[in-house]
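Trainee: what's the 3D shape of this:
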Amino acid sequence: MVYQKKTNRQEHPPEVISLIWALHCMGYSASKIRLENGLPKLTITSIIRRVRKHPSDPFRKALRMGRPLKLNARAERRLVRFMANHPFKIITSMLTPLKSGYRMHINTTQRYLAKNHYYAFRPRKKPYLRPYYKTLRLRWARIYRDL
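Mentor: Numbers count the residues shown, from 1 in each chain. This is a model prediction of the structure:
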């Protein structure tokens, strides 16, 4: 089995864990084990504590809590259901608390919808300009372009 790191934090392969546990069972202290393999004493004691806590599965990795999700499963379903029922709404209409239960940023909303395979959104509608104002704007642009 090839050992791969899951995170940037150091996780030790099962061989190292079993070596530390074997040395501990032979009566070595954490300081002496540190001299044997060069790991910090705190790491060694945490590995020993974990093996004691779970003797049937000594290679279980420690639980690491991440940042909590912005939406729970129910709120995520509500947002996806709203998107399914209103496919031509712009994404800013989905940020409000009524759609998901929480006020969210556009990027967060896009991530949740992309996770549920909704990728495209209707672009925002440009304001209507009458032809008279379009010609005025083009005249103004030509004047300042030539300067």
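Trainee: just name the shakiest helix or strand of the protein by mean pLDDT.
Mentor: When each helix and strand of the chain is scored by mean pLDDT, DSSP states H and E, helix 97-100 comes last, with a mean of 70.
Trainee: show me where this structure has its helices.
Mentor: Secondary structure of the chain (DSSP state H): helices at 14-25, 30-37, 41-53, 73-85, 97-100, 106-115, 131-146.
Trainee: who wins for proximity to residue 65 among the ones you listed?
Mentor: With CB to CB, the closest approach to residue 65 among the helices of the chain belongs to helix 41-53: 16.1 Å. The way it works is simple: take the backbone N, C-alpha and C, and place the C-beta from them, glycine included.
Trainee: which elements pack onto that closest one?
Mentor: helix 14-25, helix 30-37 (3 or more CB pairs under 8 Å, 6 or more residues apart in numbering; DSSP states H and E).
Trainee: could you pull out the buried residues of the longest one?
Mentor: Put plainly, it is helix 14-25. 16-17, 19-21, 23-24 (16 or more other CB atoms under 10 Å).
Trainee: turn those into CSV, columns for pLDDT.
Mentor: Below are the buried residues of helix 14-25 laid out as CSV (pLDDT from 0 to 100):
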residue, pLDDT
16, 89
17, 88
19, 92
20, 93
21, 91
23, 94
24, 94
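Trainee: make CSV from the residues you listed and add distance to residue 125 to it.
Mentor: Formatted as CSV, these follow (distance: CB to CB, whole Å):
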residue, distance to residue 125
16, 60
17, 60
19, 66
20, 64
21, 66
23, 70
24, 69
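Trainee: nearest to residue 118 among the residues you listed?
Mentor: residue 17 (43.1 Å).
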